[in-house]
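Participant: Need coordinates for the below:
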Amino acid sequence: MEYNTSEGKQYVVFRLSMEVFGLEINRVKEIIIYQEYTNIPGAGELVEGVINLRGHVIPIFNLRKKFGFPQKDRTGNTRIVVVEANNNTVGLVVDSVSEVLAIPGSLIEEPSAMLSSGLDANFITGIAKIDKRLVIVLDLEKVVSIDID
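Facilitator: I've put the predicted structure just below:
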């Protein structure tokens with residue numbers, strides 16, 4: 001099915017556990033093959049460590065921990081989605097990246113109070129109904145924010 005990009009936005013679609021997520025493409029700087037990171041003591045539970053990306057040190061966020069998903073081993077499909085959020089460049093580890101998808105705003109609904117994926121609704125902008133699948137559209141700033149208690 002073709003969607004008119006003038007009606008909506010384009011999203012990078014990725015998988016994490018059994019769920020499918022989307023991030024606005026204009027927030028994504030690049031997608032790279034997973035590489036080992038350097039641990040940073042005291043960096044916090046969600047920051048896995050840092051990588052050197054062409055001379056820039058970039059923190060790597062563990063979305064599985066953030067969303068409460070069980071941890072799993074990296075595979076050949078594991079990617080790091082490098083994004084710009086909260087005036088910082090960060091990497092998000094995802095299980096796989098599948099496509100760039102144009103989603104008209106009319107196909108995105110506000111998240112309901114009860115979410116089957118168990119995600120905190122604060123991280124979600126909406127849920128897109130594309131053919132027979134659902135794409136959870138994330139609020140990038142809230143996803144990469146670190147709450148200091």
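Participant: what's stretch 133-143 in contact with?
Facilitator: 11, 13, 19-24, 27, 61, 63, 66, 83, 85-86, 92, 101, 103, 108, 111, 117, 119, 122-128 (C-beta atoms under 8 Å, 6 or more residues apart in numbering). All C-beta atoms are positioned from the backbone trio N, CA, C, and that covers glycine.
Participant: do stretch 92-102 as well
Facilitator: In contact with stretch 92-102 (C-beta under 8 Å, 6+ apart) are residues 3-5, 8-17, 20-22, 25, 31, 34, 48, 60-64, 72, 74-75, 77-83, 130, 135, 143-144.
Participant: Pull out the buried residues from those residues.
Facilitator: 8-14, 16-17, 20-22, 31, 34, 48, 60-64, 78-83, 130, 135, 143-144 (16 or more other C-beta atoms under 10 Å).
Participant: Inside helices: which ones of those residues?
Facilitator: Per DSSP state H, helices hold the following members of the buried ones among the contacts of stretch 92-102: Leu63, Arg64, Val143, Val144.
Participant: these two touch, right, Lys65 and Leu46?
Facilitator: Yes: at 5.6 Å, Lys65 counts as touching Leu46 under the criterion of C-beta atoms under 8 Å.
Participant: just for this structure, where's the confidence low?
Facilitator: 1-7, 112-121, 146-149 (pLDDT under 70).
Participant: For it, which segments count as strands?
Facilitator: For the chain, the strands defined by DSSP state E cover 8-16, 19-24, 28-33, 47-53, 56-62, 79-85, 88-94, 96-104, 108-109, 124-130, 133-138.
Participant: Could you export these as JSON lines, including distance to Pro41?
Facilitator: Putting those into JSON lines (distance: least, C-beta to C-beta, whole Å) gives the following:
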{"stretch": "strand 8-16", "distance to Pro41": "26"}
{"stretch": "strand 19-24", "distance to Pro41": "29"}
{"stretch": "strand 28-33", "distance to Pro41": "25"}
{"stretch": "strand 47-53", "distance to Pro41": "10"}
{"stretch": "strand 56-62", "distance to Pro41": "14"}
{"stretch": "strand 79-85", "distance to Pro41": "21"}
{"stretch": "strand 88-94", "distance to Pro41": "19"}
{"stretch": "strand 96-104", "distance to Pro41": "30"}
{"stretch": "strand 108-109", "distance to Pro41": "40"}
{"stretch": "strand 124-130", "distance to Pro41": "32"}
{"stretch": "strand 133-138", "distance to Pro41": "29"}
